[in-house]
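A.B. asks: requesting a structural model of the entry that follows:
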Amino acid sequence: MIHIKSEAEIEQMRAAGKLVSDTFKMLQEYAVAGTATEKLDKLAHDFICDHGGTPSCLNYCGYPKTICTSVNEQVVHGIPGKYVLRDGDIVSCDIVAELSGWHGDATRTFLIGEVEPRVRDLVEVSRECFFEGLKFAKPGYRVSDISKAIQACAESHGYGVVEEYIGHGIGRQMHESPDIPNFYDPRRGKGARLLKGMVFAVEPMITLGSPRVRVLSDGWTAVTADGLASAHYENTVAITDGEPLILTMPVEE
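C.D. replies: Down below sits the predicted model:
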């Protein structure tokens, strides 16, 4: 069942989204060579809690940390730990925070030092894919219109689109209906028709090579099957009468 949010509820979600956005702004200073991913996690945890929020991912289905830090070939759900970021790395930080009972969810892929051009381009195109999909986040379109736009953008640049992990509805629960795939599969149908008040996370995950993934022995970290880089970009989006609202991104970004 898709929960249609009122304008008042969307405003509460905007506050949760701002907390997520502010957490990214704080982390930018520390997402540099020489920083361990567990430090990024601790900083995010303390920032969210100090601002009245709750880390949504911590202990979710047994996940042990506040954020996900997926480095280089890691696609999603990388667990922060002792790994120290190095010049040339990329790290996708996925942050979900709850504030007053509502969740905000976003991902940014940070460039660490001098990143090779083809990987830098991959990161930029992951962001471009999101905004291509966003063009169809309006009443009257269907979920599959967003999916097709994301897939077309990624594949036009020669990149792979991960199919095992997709976007999702969000609200009082971190994961709600509807699913928001980053690709079009006729077997799924056209998906839900978009209506004012729907809120969901759109999150392209694209790869430099093969879109195939495998999960490491920790049971969480998904990596590309060919070991090539992957980039991830995500925002929480609300459907309005007109242009969509991005709840996890400041106006100036």
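
A.B. asks: just for the protein, where's the confidence low?
C.D. replies: 251-253 (pLDDT under 70).

A.B. asks: how about the helices in it?
C.D. replies: 7-27, 37-50, 117-134, 143-156 (DSSP state H).

A.B. asks: distance to Asn59 added to these, as JSON lines?
C.D. replies: Glycine gets a C-beta too; all of them are placed from N, C-alpha and C. Below are the helices of the chain laid out as JSON lines (distance: least, Cβ to Cβ, whole Å):
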{"stretch": "helix 7-27", "distance to Asn59": "18"}
{"stretch": "helix 37-50", "distance to Asn59": "12"}
{"stretch": "helix 117-134", "distance to Asn59": "28"}
{"stretch": "helix 143-156", "distance to Asn59": "30"}
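
A.B. asks: redo those helices as a markdown table? Include distance to Ile170 and mean neighbour count.
C.D. replies: Shown next, in a markdown table, are those (distance: least, Cβ to Cβ, whole Å; neighbours: other Cβ atoms under 10 Å):
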| stretch | distance to Ile170 | mean neighbour count |
| --- | --- | --- |
| helix 7-27 | 8 | 19 |
| helix 37-50 | 16 | 19 |
| helix 117-134 | 15 | 20 |
| helix 143-156 | 14 | 22 |
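
A.B. asks: and of these, who's closest to Leu208?
C.D. replies: helix 117-134 (5.4 Å; Cβ to Cβ).

A.B. asks: give the other helices and strands that the closest one contacts.
C.D. replies: Other elements packing on helix 117-134 under the criterion 3 or more Cβ pairs under 8 Å, 6 or more residues apart in numbering; DSSP states H and E are strand 102-111, helix 143-156, strand 199-202, strand 205-207, strand 230-232.

A.B. asks: of the helices of the chain, which is nearest Ser230?
C.D. replies: Within these, the stretch nearest Ser230 is helix 117-134; the backing value is 7.8 Å (Cβ to Cβ).

A.B. asks: contacts for that closest one next, please.
C.D. replies: With contact meaning Cβ atoms under 8 Å, 6 or more residues apart in numbering, helix 117-134 is reached by 90, 109, 111, 115, 146-147, 149-150, 152-154, 157, 159, 182, 202-208, 229-235, 237, 244, 246.

A.B. asks: which stretch among the helices of the chain comes nearest Lys82?
C.D. replies: Here helix 37-50 is closest among the helices of the chain (Cβ to Cβ), at 6.5 Å.

A.B. asks: what is the orientation angle of that closest one with helix 7-27?
C.D. replies: Interaxial angle, helix 37-50 versus helix 7-27 (axes from the mean of the first three to the mean of the last three Cα atoms, to 10 degrees): 140 degrees.

A.B. asks: can you give the distance of helix 37-50 from its chain's centre?
C.D. replies: Taking the mean of its C-alpha atoms, helix 37-50 sits 18 Å from the chain's own mean (Cα atoms, centre = their mean, to the nearest Å).

A.B. asks: now that helix against strand 102-111, angle please.
C.D. replies: With the same axes, to 10 degrees applied, the angle from helix 37-50 to strand 102-111 works out at 150 degrees.

A.B. asks: name the helices or strands packed onto helix 37-50?
C.D. replies: So helix 37-50, by 3+ Cβ pairs under 8 Å, 6+ apart, packs with helix 7-27, strand 54-55, strand 68-71, strand 90-99.

A.B. asks: any chance of JSON lines for these, columns distance to Val215?
C.D. replies: JSON lines is the format used below for the helices and strands packed on helix 37-50 (distance: least, Cβ to Cβ, whole Å):
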{"stretch": "helix 7-27", "distance to Val215": "25"}
{"stretch": "strand 54-55", "distance to Val215": "22"}
{"stretch": "strand 68-71", "distance to Val215": "12"}
{"stretch": "strand 90-99", "distance to Val215": "16"}
